[in-house]
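Participant: Give me the fold of what follows.
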Amino acid sequence: MRTLLFCLGVFIIPFYVFSSEKCIDFKYGLEFNKSREFINISGLVFGDDIEDIDIYSAAYDLNADGYPEYFYYIDNHNFCGNQTGCYIDVYEYKNTFRKLIPQGWPTFSKFNPEKNIQSKYLCIEDNLVNGWRSLRFKKENIVLTYNGNSYE
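Facilitator: Alright, predicted model coming up:
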């Protein structure tokens, strides 16, 4: 929410502007949002270990092309750094996965995928930059915008 001030004579009247955004709802399991396909081609897990992976995923059409982009969060000590926590990765899918945040987004252990809606950690803004919606990481107060090739 942004506050704009209007001056009418001697009085200053605050006018509140609400930006519309939708917070991402992550689902647990391999059966959602092409998670199994993502894990199989990502090279992150080999063989039967795929069933042991704790993956959370979400989907949202960020560029209004009619196809969702996919958000993945793998909660596993083999994939998470000690100080950065686990990463949220965002991919576009059109016959293959294309990573939209080159290094992934470190959560610094501030993210709980099962409680994301309550904590509003990752939200999609309505504004478009280069034809793509911006991503807001609320706890860090950071907005990533699309530069024509990836989010930064």
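
Participant: In which helix or strand does residue 133 reside?
Facilitator: Residue 133 is part of strand 132-137, with elements assigned from DSSP states H and E.

Participant: Which strands border that strand, and is each parallel or antiparallel?
Facilitator: Strand 132-137 has the following strand partners under DSSP bridges: strand 122-129 (antiparallel), strand 142-144 (antiparallel).

Participant: what's next to the first one, contact-wise?
Facilitator: Just to be clear, that refers to strand 122-129. When contacts are defined by C-beta atoms under 8 Å, 6 or more residues apart in numbering, strand 122-129 is touched by residues 19-24, 60, 62, 71, 88, 111, 116, 133-138, 143, 145-146. In this view, the C-beta of every residue, glycine as well, is placed from N, C-alpha and C.

Participant: Are any of the residues you listed buried, and if so which?
Facilitator: Buried members of the contacts of strand 122-129, counted by 16 or more other C-beta atoms under 10 Å: 21, 23-24, 60, 62, 71, 88, 111, 116, 133-138, 146.

Participant: closest to residue 95 among these?
Facilitator: Among the buried ones among the contacts of strand 122-129, residue 62 lies closest to residue 95 (C-beta to C-beta), at 17.7 Å.

Participant: In contact with that closest one, which residues?
Facilitator: Residue 62 is in contact with 69, 100, 124, 132-133, 135, 146, counting by C-beta under 8 Å, 6+ apart.

Participant: doesn't residue 39 fall inside a helix?
Facilitator: Yes: the assignment for residue 39 is a helix, going by DSSP: H, G, I helix; E, B strand; the rest coil.

Participant: give the contact list for it.
Facilitator: Counting by C-beta under 8 Å, 6+ apart, residue 39 has contacts 30, 45, 50, 53, 55.

Participant: Looking at these, point me to the pair that's furthest apart.
Facilitator: 30 and 45 (10.4 Å).
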